[in-house]
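J.: What follows is a predicted structure for the sequence shown.
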Amino acid sequence: MSQSPQLGDFPHLSFDKLRYADTDMLGHANNATFATFFETGRVELLYHRPEPLAAPGCGFVIARLAIDFAAEIPWPGKVDIGTRVVAIGRSSVTLGQALFQDGRHVASSQSVIVQIDLSSRKSRPLAAAALAVLESLRG
């Protein structure tokens, strides 16, 4: 059995507040909310930076998302989101993420993000500067 990830395993950290509207009839976060929490971590890593990672005229799209649920997230509370780079391709990056509530691991995710040209909607290679930043975010 593998050991649960720890928040300190991730070089990029963010958080979200669990809202009452995020809960299901059992009083914990519904499964779609887990995906939204992971999105917060991905978007902050990709877009909330001094220098953009996307090349001019490009953006990022998600090509794959897999989520492993480990525990419930009860309301109220805050969710910590850890994100790291797992692999880097020519035009894509694979991100590994985990969610934590009060230090307890509640879910893990792996996603593939592809840089596309916004006009052609085709993949476009990552720039050298973006590759260097992504390399620094490996876990």
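T.: On my side now, so go ahead.

J.: From here on, just use CA atoms for contacts and neighbour counts.
T.: OK.

J.: so where's the protein uncertain?
T.: For the chain, residues meeting the criterion pLDDT under 70 lie at 1-2.

J.: Just give me the longest helix of it.
T.: Ordering each helix of the chain by length in residues (DSSP state H) puts helix 31-47 first.

J.: quick one: the helices in the protein?
T.: Remark: helices assigned in the chain by DSSP H are 31-47, 128-136.

J.: Can you pull up the most central residue in the protein?
T.: Arg42 (3.4 Å; CA atoms, centre = their mean).

J.: Next up, the contacts around that residue.
T.: Applying CA atoms under 8 Å, 6 or more residues apart in numbering to Arg42 gives the contacts 83, 95.

J.: who are the neighbours in contact with the closest residue to Phe60 other than its chain neighbours?
T.: If the residues on either side of it in the chain are set aside, Phe60 comes closest to Gln115, at 4.5 Å by CA to CA, 6 or more residues apart in numbering. By CA under 8 Å, 6+ apart, the contact set of Gln115 is 54, 58-61, 91-92, 123-126.

J.: Check the gap between the residue of the chain positioned farthest from its centre and Pro74 for me.
T.: Ranked by distance from the centre of the chain (CA atoms, centre = their mean), the top residue is Met25, with 26.3 Å. Distance, Met25 to Pro74, using CA to CA, to the nearest Å: 11 Å.

J.: Kindly report the same for Leu46.
T.: As for Leu46, its distance to Pro74 is 28 Å (criterion: CA to CA).

J.: quick one on the thing from earlier: filter the contacts of Gln115 to the buried ones?
T.: Among the contacts of Gln115, those classed as buried by 16 or more other CA atoms under 10 Å are 54, 58-60, 91-92, 123-126.

J.: State the pair within the residues you listed that is farthest apart.
T.: Farthest apart among those by CA to CA are Cys58 and Ser92. That separation is 12.5 Å.

J.: Just the CA atoms of the lengthiest strand in the chain, as CSV, please.
T.: Using DSSP state E to define each element, the chain has its longest strand at strand 104-117. Only the C-alpha atoms of strand 104-117 are listed here, as CSV (Å, rounded to 0.1, in the frame of the first residue of the first chain):
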residue,chain,number,x,y,z
ARG,A,104,-5.7,15.2,6.0
HIS,A,105,-5.4,13.9,2.4
VAL,A,106,-8.8,13.7,0.8
ALA,A,107,-8.2,13.2,-2.9
SER,A,108,-5.5,13.0,-5.6
SER,A,109,-5.6,13.9,-9.3
GLN,A,110,-3.6,13.7,-12.4
SER,A,111,-4.3,15.8,-15.4
VAL,A,112,-2.7,16.5,-18.8
ILE,A,113,-2.7,20.1,-20.0
VAL,A,114,-1.9,21.0,-23.6
GLN,A,115,-0.9,24.4,-24.9
ILE,A,116,-2.9,25.3,-28.0
ASP,A,117,-2.8,28.1,-30.6
